[in-house]
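Student: Need the 3D shape of this:
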Amino acid sequence: MKSTLLLLLTISLFSCSSDSDTANDNTNLPAEAMYFPPNGSDSWETKTAASLGWDESQIQPLLTYLEQKHTKSFIILVNGRIVMENYFNGHSATTPWYWASAGKTLTATVTGIAEQEGILDINDKVSDYLGTGWTSAPLAKENLITNRHLLTMTSGLNDALGDDVSPANLQYVADAGTRWAYHNVYVKLQDIVAEASNQTWTNYFNSRLRDKLGMTGTWFNSGEDLSVYASNTRSMARFGLMILNKGKWHNDQIINEAYVNQMTNTSQDTNKAYGYLWWLNGKASFRLPQSQLQFNGSIIPTGPNDMFMALGKNDQKIYVIPSKKMVVIRMGDAADGSNVALSDFDEVLWEKISAVIDL
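Tutor: Below you'll find the model as predicted:
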């Protein structure tokens, strides 16, 4: 099975928890309140590994592994405070880097904000916003596809035709909701938000999310109409911290908690390890991009069961672990040659992290 998994994980794509009992296990957590760094400032509170009882002798092996695996930046937050922040291979705290498919989670979040504002409904048909003919599927089949299907990768459109999301390349395979398949058609949600808000996607994103969190970063077109985000590493950490805190930043509820819960839990019956463009650890089974095979067990067996993840090509990572009030960020080049969002790197990385933290 391992060899089959590795074969699947070499397929190229771009832009590409346990249950509540585990998530609510707050043993060994720091007692202090959640911290949020100020907007418009480089200041950020820190904690030492020693103060948290971590095994400091295992930190250097972790850092050595990260550097060997072409990492550019690595951050661990606990209760919002920086415990580890390291830069490698000429990267710095101010250098922007692309999120690849980890940025799908930004799209899912902003879609929820738009629904919260009452300008769209995720249960509406996509064609209610984009008009008919946005795919080449028969009209009756196209009209089955809702915004929720784009969020859950269950559009029923052909995932074997590459990243192009022009109508001619969006072809019917199965009725929406009956088949899980990782597909970049999710990017149409950005067009839906733009149409519903009567402004550009970038302007809406910046005003509703980026600026409120004090993030930096810009969207750029990677080709074939795929919109990819790039920012510095702390901006990625800010976003992960807001999601860890159930959509709240300081005293501002950016996105409602109910939607965050939906977004970070199983969203459909076919792939238990997938929410609204977030990957979920600790589930009984999972599926992977470009495959209809189902694998038993957790995606990252060495990682915490309640962890959920934003995963991008060449090992861009946001790991959120509610039971530890922890966010882990990794940016860089592919750990082992070009790969998709998930690889053996994740398993070994979490072995190294666990040696430090004793998860």
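Student: and stretch 274-285, which residues are buried?
Tutor: For stretch 274-285, a neighbour-count test (16 or more other CB atoms under 10 Å) marks 274-283 as buried. Just so you know, the C-beta spots here come from the backbone N, C-alpha and C atoms, and that holds for glycine as well.
Student: for stretch 283-295, same thing?
Tutor: Buried residues in stretch 283-295, counted by 16+ other CB under 10 Å: 283, 286-291, 295.
Student: circling back to that earlier point, return the member of the buried residues of stretch 274-285 nearest to G112.
Tutor: In terms of CB to CB, no member of the buried residues of stretch 274-285 lies closer to G112 than Y276, at 7.6 Å.
Student: That closest one contacts L151, correct?
Tutor: Yes - counting by CB atoms under 8 Å, L151 is a contact partner of Y276 at 4.2 Å.
Student: And the helices in the chain?
Tutor: Taking DSSP state H as the criterion, the chain carries its helices at 2-9, 20-23, 59-68, 104-116, 127-130, 139-142, 147-152, 188-197, 201-205, 211-213, 233-244, 257-263, 344-357.
Student: Same list, those helices, but as JSON lines with distance to W44, mean pLDDT and mean neighbour count please.
Tutor: JSON lines is the format used below for these (distance: least, CB to CB, whole Å; pLDDT from 0 to 100; neighbours: other CB atoms under 10 Å):
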{"stretch": "helix 2-9", "distance to W44": "34", "mean pLDDT": "40", "mean neighbour count": "12"}
{"stretch": "helix 20-23", "distance to W44": "26", "mean pLDDT": "38", "mean neighbour count": "14"}
{"stretch": "helix 59-68", "distance to W44": "19", "mean pLDDT": "98", "mean neighbour count": "15"}
{"stretch": "helix 104-116", "distance to W44": "21", "mean pLDDT": "98", "mean neighbour count": "24"}
{"stretch": "helix 127-130", "distance to W44": "39", "mean pLDDT": "98", "mean neighbour count": "17"}
{"stretch": "helix 139-142", "distance to W44": "47", "mean pLDDT": "98", "mean neighbour count": "15"}
{"stretch": "helix 147-152", "distance to W44": "31", "mean pLDDT": "98", "mean neighbour count": "24"}
{"stretch": "helix 188-197", "distance to W44": "30", "mean pLDDT": "98", "mean neighbour count": "21"}
{"stretch": "helix 201-205", "distance to W44": "23", "mean pLDDT": "97", "mean neighbour count": "19"}
{"stretch": "helix 211-213", "distance to W44": "13", "mean pLDDT": "98", "mean neighbour count": "16"}
{"stretch": "helix 233-244", "distance to W44": "7", "mean pLDDT": "98", "mean neighbour count": "25"}
{"stretch": "helix 257-263", "distance to W44": "23", "mean pLDDT": "98", "mean neighbour count": "17"}
{"stretch": "helix 344-357", "distance to W44": "20", "mean pLDDT": "96", "mean neighbour count": "19"}
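Student: And those helices: which comes nearest W97?
Tutor: Checking the helices of the chain against W97 by CB to CB gives helix 233-244 as the closest, at 7.2 Å.
Student: Only C-alpha atoms, please: export the closest one in CSV.
Tutor: Extracted in CSV, the C-alpha atoms of helix 233-244 (Å, rounded to 0.1, in the frame of the first residue of the first chain):
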residue,chain,number,x,y,z
THR,A,233,5.8,33.4,6.8
ARG,A,234,4.4,35.3,9.7
SER,A,235,1.4,36.2,7.5
MET,A,236,0.7,32.5,7.0
ALA,A,237,1.1,32.1,10.8
ARG,A,238,-1.4,34.9,11.4
PHE,A,239,-4.0,33.2,9.3
GLY,A,240,-3.4,29.8,11.0
LEU,A,241,-3.8,31.5,14.4
MET,A,242,-7.1,33.0,13.5
ILE,A,243,-8.4,29.6,12.3
LEU,A,244,-7.1,28.0,15.5
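Student: and it, how far out from the chain's middle?
Tutor: Centroid displacement of helix 233-244 relative to its chain, using CA atoms, centre = their mean, to the nearest Å, is 11 Å.
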